[in-house]
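[1] I'd like to go over a predicted model; first the sequence, then the structure.
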Protein chains: 2
Amino acid sequence: MNQKDTIPASFRAVEDKINLVCRRIPENSVQNVVLIHLVKHLQAALHSRMSDVLREHELNPVSFTALMMLFSKPNEALNPSELAEASGESRANVTRICDELVAKGLLERAPNPDDRRRVDLRLAAAGDDEVMKLLPVLRQRVHNVFNVLEQDEKDQLERLLKRVLTESAN
Amino acid sequence: MNQKDTIPASFRAVEDKINLVCRRIPENSVQNVVLIHLVKHLQAALHSRMSDVLREHELNPVSFTALMMLFSKPNEALNPSELAEASGESRANVTRICDELVAKGLLERAPNPDDRRRVDLRLAAAGDDEVMKLLPVLRQRVHNVFNVLEQDEKDQLERLLKRVLTESAN
DNA sequence: ACAAAATAGTACATAAATTAACTATTAATT
DNA sequence: AATTAATAGTTAATTTATGTACTATTTTGT
């Protein structure tokens, strides 16, 4: 059976048009363009699922990721530059997100004792609770979509994505 | 050799923290969370690369995608709902993007003769030219990042992404 | 034939993110 | 020691996107 049949109907419209575009300009690789759009659509679907869960808690995927990254090291601070790198956001965006999370009582900022350029960020107890509460729901409603794949397929997907990311991130 | 070594340094920070999070809540699958973040980071890297090319032409990835989808069928109109589906954007966003593209002279709107709810969208000649000009540059600077993979690896990546997208898009 | 449901597209208030510039501070260079 | 370069974080203007509600129109159901 052609595995390519198992795609959402909405992506078929995307793929059909990419096929036609690449007929008009044959030097393009249909497959490369399809892959780009697959990544975009999958990211949007994952983002949407996360948003649906987090909206009720007045959070969004970016602010939740920030909390989760701080949750990883409850006894250490991160600074905004580290958080920017860990969450894939710009430093300006991290400032904005931290403003919101501090206002919600989920995160605490403090001056760094050793370097006055730096700010120490720590999860507040309420933030820790929020992550504890939300991660199981996210596992059910978002993370588990990957369980449609077998273990060896997940391993392969991870390797392939990492190689493309390495190539594209410089 | 461990293929997982070939990741950008910036993603190592992500993966390290995900590992620590999943030590605190062991029911989570490190790999599923890693996969979600891989997709997010890859999408951001691809988006950034596209933006770098398109910015000089006062376009962005979403407006270019709209042009490209119309470019696929130069002799037929699309309506905003079809374009929304083809580009993975909301109908409200498509209205906004079309406003911009009409203002730039790259796209034309007309009433649909058969159905007064509908609008016909067509590429203007200038839009056609823009796509012709930009696709080769995008191929060089964006699409070709996937050429780090062998053909069978691209096939596998496509299949796996489609299966996860099918699972997550409903 | 008429009413109800659904679709199409837009408007607008609000949310989210980017970009460039800035000040303060530390690190590196001379 | 002094100067230059780099880093850290923020600000604010601008860009991009969402969510909800709306009107107009067509389709569906009775």
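    That came through fine. Keep in mind that this is a model prediction, so the values were computed, not measured.
[2] Specify the local secondary structure of residue A:113.
    Residue A:113 carries the three-state label coil when classified by DSSP: H, G, I helix; E, B strand; the rest coil.
[3] how about the residues of chain A near DNA strand C?
    Within chain A, the positions near DNA strand C by Cβ under 7 Å from any atom of the strand are A:60-62, A:89-90, A:92-93, A:96-97, A:100, A:115-117. In this view, the C-beta of every residue, glycine as well, is placed from N, C-alpha and C.
[4] Please, a PyMOL command that selects the buried ones among those residues?
    Below is the selection syntax for PyMOL that covers the buried ones among the residues of chain A next to DNA strand C, with 16 or more other Cβ atoms under 10 Å in any protein chain shown defining burial:
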select buried, chain A and resi 61+62+89+97+100
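[5] Most widely separated two among the residues of chain A next to DNA strand C?
    A:61 and A:116 (32.2 Å; Cβ to Cβ).
[6] Buried residues, the one helix or strand residue A:54 maps to. List them.
    Taking DSSP states H and E as the definition, one finds residue A:54 inside helix A:30-54. If you call a residue buried by 16+ other Cβ under 10 Å, then helix A:30-54 has these buried ones: A:31-47, A:49-50, A:53-54.
[7] With stretch A:57-75 instead?
    Within stretch A:57-75, the residues that count as buried by 16+ other Cβ under 10 Å are A:59, A:61-73.
[8] what's the answer for stretch A:72-89, then?
    Buried positions in stretch A:72-89, judged by neighbour count with 16+ other Cβ under 10 Å: A:72-73, A:77-80, A:82-89.
[9] One more: stretch A:102-121?
    Neighbour-count burial for stretch A:102-121, with 16+ other Cβ under 10 Å as criterion, is recorded at A:104, A:106-108, A:118-121.
[10] Any chance of CSV for those residues, columns distance to residue B:15 and pLDDT?
    Below are the buried residues of stretch A:102-121 laid out as CSV (distance: Cβ to Cβ, whole Å; pLDDT from 0 to 100):
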residue, distance to residue B:15, pLDDT
A:104, 27, 93
A:106, 24, 95
A:107, 22, 95
A:108, 26, 95
A:118, 24, 96
A:119, 24, 96
A:120, 23, 96
A:121, 20, 96
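[11] Tell me which of these fall in strands.
    With strands identified by DSSP state E, the entries of the buried residues of stretch A:102-121 that belong to them are A:107-108, A:119-121.
[12] between those, which is closest to chain B?
    Lowest distance from chain B to these (Cβ to the nearest Cβ) belongs to residue A:121, with 13.0 Å.
[13] Shouldn't residue A:110 be within a strand?
    Yes. With three-state DSSP as the criterion, residue A:110 is assigned to a strand.
[14] In terms of helices and strands, where is whichever residue of chain A sits closest to DNA strand C?
    With Cβ to the nearest atom of the strand as the measure, residue A:92 is the residue of chain A nearest to DNA strand C, at 3.0 Å. Residue A:92 belongs to helix A:91-103 when elements are defined using DSSP H and E.
[15] That concludes my questions; thank you for your assistance.
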